[in-house]
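[1] 3D, please:
(chains A, B, C and D)
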Number of protein chains: 2
Amino acid sequence: MQLSNTSKYAIRILSYMARQEHEYVHKSNELAQSLDISYKFLTKIMTELVKGEFILSIRGREGGFQLNHPASSITILDILKHFQELTDFHTCILGNGACNPHKKCILHDKWASPRQEIKNMFATTTIDIVNSGDFKL
Amino acid sequence: MQLSNTSKYAIRILSYMARQEHEYVHKSNELAQSLDISYKFLTKIMTELVKGEFILSIRGREGGFQLNHPASSITILDILKHFQELTDFHTCILGNGACNPHKKCILHDKWASPRQEIKNMFATTTIDIVNSGDFKL
DNA sequence: TTTAAATTCTACCAAAAAGTAGTAATTAAA
DNA sequence: TTTAATTACTACTTTTTGGTAGAATTTAAA
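    Predicted structure coming up:
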């Protein structure tokens, strides 16, 4: 019952970026330091975020990364989806794909409501939330 | 956002055992076949379940395993606790231990309610539930 | 045009989780 | 007392995830 480190970092990175004006160009170095993530691992994730079209990269000297969409339009669910973090929202929490209304695992019905609540929470929370309070990223 | 295979198997094994009368002696062979878990991996988990005092082992010929407590008293939460599956119930979903009311991660408050609902569900669901419907284990 | 500061790519290494193999120990039945 | 059926133990292999290294590429500034 945990998110992968990669997903957690991705959420923290994008949220951090959302704190600056949209046009601000973020450098990997700055992000790695501010978020206390290893530079090498961070750049790997940045590449992935570019592929997922969450951010734009500007290569070369004075380059960096920018958010590709308004922060208020990027949900946590979008991020988790891209990092394939949602298997138990499709399969079931115990079932391995084989869980359906005819072949229910014992947690099938019990899990339905919490699952929906989590999904709603992820779907309605955008990285912009970082600007609505005093958060530690 | 997934349980480990080990935890899933543990839940399935104990639920399966809960379907027989309490005194029934379950053999690894039978369990592995019925639950479609590799015999070797299953015995590894059985050893862990003995250590966790969920089951009793009877060694030697005609040996096997028995539930150590009434099925109606073994909750999913008990099982998950033993397999250390609950870190994000103590830490936070984004925070790495460092998440507290003074240093909140952006999901700190959003996560609180779903987390509680999941925990309640796990705490109030016992392996005995398997006898209250037609489930596939 | 050269150089420095940045991203990108390819490949590797480390740690944890999942799973397997083989043998030792135990015990009831034959 | 021997044997067969069972759990327990130790050690290994495989797969996935997390993380690192180093060189290639890009581009603006000097």
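[2] tell me what the worst-scoring helix or strand of chain A on mean pLDDT is packed against?
    The helix or strand of chain A with the poorest confidence is helix A:87-90; it has a mean of 79 (mean pLDDT, DSSP states H and E). Applying 3 or more CB pairs under 8 Å, 6 or more residues apart in numbering or on different chains; DSSP states H and E, one finds that helix A:87-90 contacts helix A:108-124. (Each C-beta comes from the backbone N, C-alpha and C, glycine too.)
[3] For chain B, tell me whether the helix it packs on is touching it.
    Yes: with CB under 8 Å from any CB of the partner chain as the criterion, chain B is reached by helix A:108-124 at A:108, A:110-111, A:113-114, A:117-118, A:121.
[4] Show me just the buried residues among those residues.
    A:108, A:110-111, A:114, A:117-118, A:121 (16 or more other CB atoms under 10 Å in any protein chain shown).
[5] would you list every one of the helices in chain A?
    Counting by DSSP state H, the segments of chain A that form helices are A:5-18, A:28-35, A:39-51, A:76-82, A:87-90, A:108-124.
[6] angle of the second one against helix A:39-51?
    Calculated by axes from the mean of the first three to the mean of the last three CA atoms, to 10 degrees, helix A:28-35 forms an angle of 110 degrees with helix A:39-51.
[7] what about stretch A:58-74 and chain B, touching?
    No: with CB under 8 Å from any CB as the threshold, stretch A:58-74 lies outside contact range of chain B, at a closest distance of 11.5 Å.
[8] average pLDDT for that stretch?
    The average of the pLDDT scores along stretch A:58-74 is 98.
[9] Check residue A:84 and give its pLDDT.
    The model reports residue A:84 with a pLDDT of 89.
[10] Any idea which of the helices of chain A gets closest to residue B:91?
    For the helices of chain A, proximity to residue B:91 was assessed by CB to CB; helix A:5-18 is nearest, at 10.8 Å.
[11] re earlier: got the buried residues for the least confident helix or strand of chain A?
    A:88-89.
[12] Pull the residues that contact that helix.
    Taking contacts as CB atoms under 8 Å, 6 or more residues apart in numbering or on different chains, the residues outside helix A:87-90 that touch it are A:111, A:115, A:119, B:1-3.
[13] will you turn those residues into a markdown table that also has pLDDT and distance to DNA strand C?
    As requested, those are arranged in a markdown table below (pLDDT from 0 to 100; distance: CB to the nearest atom of the strand, whole Å):
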| residue | pLDDT | distance to DNA strand C |
| --- | --- | --- |
| A:111 | 95 | 18 |
| A:115 | 94 | 20 |
| A:119 | 95 | 23 |
| B:1 | 85 | 13 |
| B:2 | 89 | 8 |
| B:3 | 94 | 8 |
